[in-house]
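**Student:** Just need the structure, nothing else, for what follows:
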Amino acid sequence: MRDPGPNYAIDTAGGVAQLAHKIGVAQPSASNWNRVPAQRVIAIEAATGASHKQLRSDLSSEPAVKDDAVDPVDAARAQEYALLAALLWSAPSNELLGEIARLRGDATPLGRAHAALAEAASETAAEIEREYFDLFVGLGRGELLPYGSYYLTGFLNERPLSRLRDDLAALGIERVEKNFEPEDHAATLCEIMAGLAGRRFPASAEMQRRFFEKHVAPWMGRLFADMETAASAKFYRSVGSLGRLFLKIETEAFTFAN
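**Tutor:** Purely as a prediction, here's the structure:
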């Protein structure tokens with residue numbers, strides 16, 4: 001039986017093609033969902049404004065940890081990861097650009113990165129869509145390949161991806177049906193970290209730390225640094241700065257927690 005969540009996501013996005021484009025999945029994959037995959041909920045929330053309760057009521061009615069038990073710092077971390085995931089999956093919509101433009105910074109390095117990203121959001125969605133294509137898609141391949149296996153070995157679909165799949169299975173996180181994007185895409189990993197930080201996936205703080213140190217920390221900071229200097233990057237240069245600084249803070253926080 002088909003859950004109402006996929007239909008709600010499609011309607012909110014303005015159609016299945018728009019939904020697939022906004023979250024970076026193949027249109028047939030989104031069309032065939034019987035329920036919204038747990039690891040896609042955060043990206044759909046960011047892209048459409050739908051709530052997780054409307055997309056996956058089972059995740060909200062029996063969460064791994066009650067909402068009021070989530071530390072405000074962890075909630076903020078989840079939001080940061082969700083934003084990065086949405087921007088890595090696809091070029092932002094006009095709606096998301098409007099939300100980004102309202103970000104406010106402070107005197108901290110991360111606050112200044114937020115302010116710079118808000119300023120960069122003044123570009124049009126069409127300009128940023130072209131930039132995204134040149135960076136991550138291209139004619140044959142984009143300027144950057146946002147995959148863990150590539151950054152760690154120089155090749156796609158190598159041993160790091162296999163190890164990631166083993167750990168995702170242990171966490172009970174399933175691969176999206178008919179989605180052929182490797183799970184070590186940076187957007188997928190940011191979605192998973194958002195779910196872990198926001199306690200939507202049942203994992204201890206220690207499991208979260210191990211996942212970050214094993215699958216995110218060894219390479220994703222380099223991807224964000226490359227985005228800062230990529231020839232095709234303008235808006236995404238600010239995304240790279242934000243991502244690099246945020247992962248540096250995450251790395252230090254997990255180190256101090258040991």
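**Student:** mind listing what Met193 touches?
**Tutor:** Contact analysis of Met193 by C-beta atoms under 8 Å, 6 or more residues apart in numbering lists 77, 81, 208, 211-212, 216. Using the backbone N, CA and C atoms, a C-beta is placed for each residue, glycine as well.
**Student:** what about it, which helix or strand?
**Tutor:** In the assignment (DSSP states H and E), Met193 maps to helix 186-197.
**Student:** low-scoring stretches of the stretch 101-250 of the chain, by residue?
**Tutor:** Counting by pLDDT under 70, the stretch 101-250 of the chain contains low-confidence ranges at 176-179.
**Student:** From Pro72, how far out is the closest residue to His21 other than its chain neighbours?
**Tutor:** Of all residues not flanking His21 in the chain, Ser90 sits nearest, at 6.0 Å (C-beta to C-beta, 6 or more residues apart in numbering). Using C-beta to C-beta, to the nearest Å, Ser90 is found at 29 Å from Pro72.
**Student:** out of the two, which sits in the busier spot?
**Tutor:** Under the neighbour definition other C-beta atoms under 10 Å, Ser90 and Pro72 were set side by side, and Ser90 has more, 21 against 7.
**Student:** ok, which stretches of the stretch 101-250 of the chain are helices?
**Tutor:** With helices called from DSSP state H, counting those that start in this stretch, the stretch 101-250 of the chain shows them at 109-120, 125-132, 148-153, 159-171, 186-197, 205-211, 220-229, 235-257.
**Student:** Buried deepest among these, which one?
**Tutor:** Neighbour counts (mean count of other C-beta atoms under 10 Å) averaged over each of these peak at helix 186-197, with a mean of 26.
**Student:** Next, the angle helix 159-171 makes with that helix.
**Tutor:** Per axes from the mean of the first three to the mean of the last three C-alpha atoms, to 10 degrees, the angle that helix 186-197 makes with helix 159-171 is 30 degrees.
**Student:** Just checking the distance from helix 186-197 to the centre of its chain.
**Tutor:** Centroid displacement of helix 186-197 relative to its chain, using C-alpha atoms, centre = their mean, to the nearest Å, is 6 Å.
**Student:** Then stretch 226-245?
**Tutor:** Worked out by C-alpha atoms, centre = their mean, stretch 226-245 lies 15 Å from the chain centre.
**Student:** so how many other residues sit close to Ala20?
**Tutor:** Ala20: 20 surrounding residues under other C-beta under 10 Å.
**Student:** Buried residues, the helix or strand that contains it. List them.
**Tutor:** Using DSSP H and E, Ala20 sits within helix 16-23. By neighbour count with 16 or more other C-beta atoms under 10 Å, helix 16-23 contains the buried residues 16, 18-23.
**Student:** ok, residues contacting stretch 157-171?
**Tutor:** Stretch 157-171 is contacted from outside by 147-149, 152-153, 174-175, 182-184, 192, 201-203, 207, 211, 214-215, using C-beta under 8 Å, 6+ apart.
**Student:** one step back: for Leu97, find the nearest of the helices of the stretch 101-250 of the chain.
**Tutor:** helix 125-132 (6.0 Å; C-beta to C-beta).
**Student:** And the contacts of the closest one?
**Tutor:** Defining contact as C-beta under 8 Å, 6+ apart, one finds that helix 125-132 is touched by 90-94, 97, 232-236.
**Student:** which residue sits closest to Pro92 in space, ignoring its chain neighbours?
**Tutor:** The shortest distance from Pro92 to any non-neighbouring residue, by C-beta to C-beta, 6+ apart, is to Ile128 (6.3 Å).
**Student:** From Arg210, how far off is that neighbour?
**Tutor:** The value you get for Ile128 to Arg210, if C-beta to C-beta is used, is 35 Å.
**Student:** next one: Asn34
**Tutor:** Distance from Asn34 to Arg210, by C-beta to C-beta: 31 Å.
**Student:** One more: Ser162?
**Tutor:** Counting by C-beta to C-beta, the gap from Ser162 to Arg210 is 17 Å.
**Student:** Ok, Leu223 next?
**Tutor:** Applying C-beta to C-beta, one obtains 21 Å for the distance of Leu223 from Arg210.
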